[in-house]
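S.K.: Dropping a prediction and its sequence here:
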Amino acid sequence: MIASIRGSLKLKMSESCIVEAGGLGYEIFLTQPALAALPSVGEMVEFSTYFHIREDAQQLFGFSSPEEKKLFLLLLTVKGVGPKLGMAVLSQLGPVALLSALKKRDLARLGTVSGVGKKLAERLGVELSDKVTKLGWLGLASPESEETFGESTQQNQALRALIALGYSSQNAKLALSKTYQQLGSGENKVEDIVKLALKFF
C-alpha cells in the first residue's frame, strides 16, 4: 500500500500530475481544487494517497490532507461509488459542502454531482449520514465556510479550493482578500488566484 508520496512535481495534466520520488515517476489523480493549487513544476509536493488496483489498471489517487482521504474512503463504502466518481464528488462539492450534504441527507445537493443519480444520492445520504455525524467534521472547516464569500464566481471557486486543501474558511478568506488587493479588479483564472493566495499562509 502506498499511503503517501513526497517528491518533485514533474508534470501537470488535466486530471493528474506526475511526481518523481525515489527515482520513480508516479501519476497521481487529484481533485480539481488540488490540481488548481499545484505549485510550479520542479517544486516539492506531498499527498496522502490511495492505491487502487483492478485487473486492467493500477491507479494512485492523491489528497491534500489525511482528512480528505478519510472522506474519500467513506464514499467508496457505498455501492456504485468507485474511485473516479468519489474524486468527482469531492471535486464538484468540496469536502465541507459534501460533509454538510451527507449529514443533512441533502439529496438535492448530492444529486447535482455529475454521475450521481437519484438512487445513488439516496444511498449516499442514508448510508453515510450517521457515519459522518459520528466522525464529526474530520478536522476540516465548519459548515459556516459554505457562506458566500463574494459576488464573483472566481472568488467562490477559489475559496472552495482553499478549503478543500485543508485551510480554514477564516484564513482562506483573509488570504484571498490580500490576493485581490494585489490582483485588483477584473477577471482572473481560479488557478492563478489560488496560487497567489497560498503565498499568504
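M.R.: Done, it's in. Numbering: from 1, shown residues only.

S.K.: Is residue 113 within a helix or a strand, and which one?
M.R.: Residue 113 belongs to no helix or strand when elements are defined using DSSP states H and E.

S.K.: and it, how many neighbours?
M.R.: Using other C-beta atoms under 10 Å, residue 113 is surrounded by 20 other residues. Any C-beta I mention is one placed from the backbone N, CA and C, and that applies to glycine too.

S.K.: List the residues that contact it.
M.R.: Neighbouring residues of residue 113 by C-beta atoms under 8 Å, 6 or more residues apart in numbering: 88, 89, 92, 93.

S.K.: Name the helix or strand of this protein that has the lowest mean pLDDT.
M.R.: Least confident helix or strand of the chain, by mean pLDDT, DSSP states H and E, is helix 153-164 with a mean of 77.

S.K.: after that one comes which helix or strand?
M.R.: Note on helix 153-164: by DSSP H and E, the next helix or strand toward the C-terminus is helix 169-183.

S.K.: What residues sit buried inside the host helix or strand of residue 86?
M.R.: Counting by DSSP H and E, the element that carries residue 86 is helix 83-93. Residues 83, 85, 86, 87, 88, 89, 90, 91, 92, 93 are the ones in helix 83-93 that count as buried (16 or more other C-beta atoms under 10 Å).

S.K.: closest to residue 161 among the residues you listed?
M.R.: Residue 161 lies nearest to residue 91 out of the buried residues of helix 83-93, by C-beta to C-beta, at 9.9 Å.

S.K.: Please give me every residue in contact with that closest one.
M.R.: 31, 32, 33.
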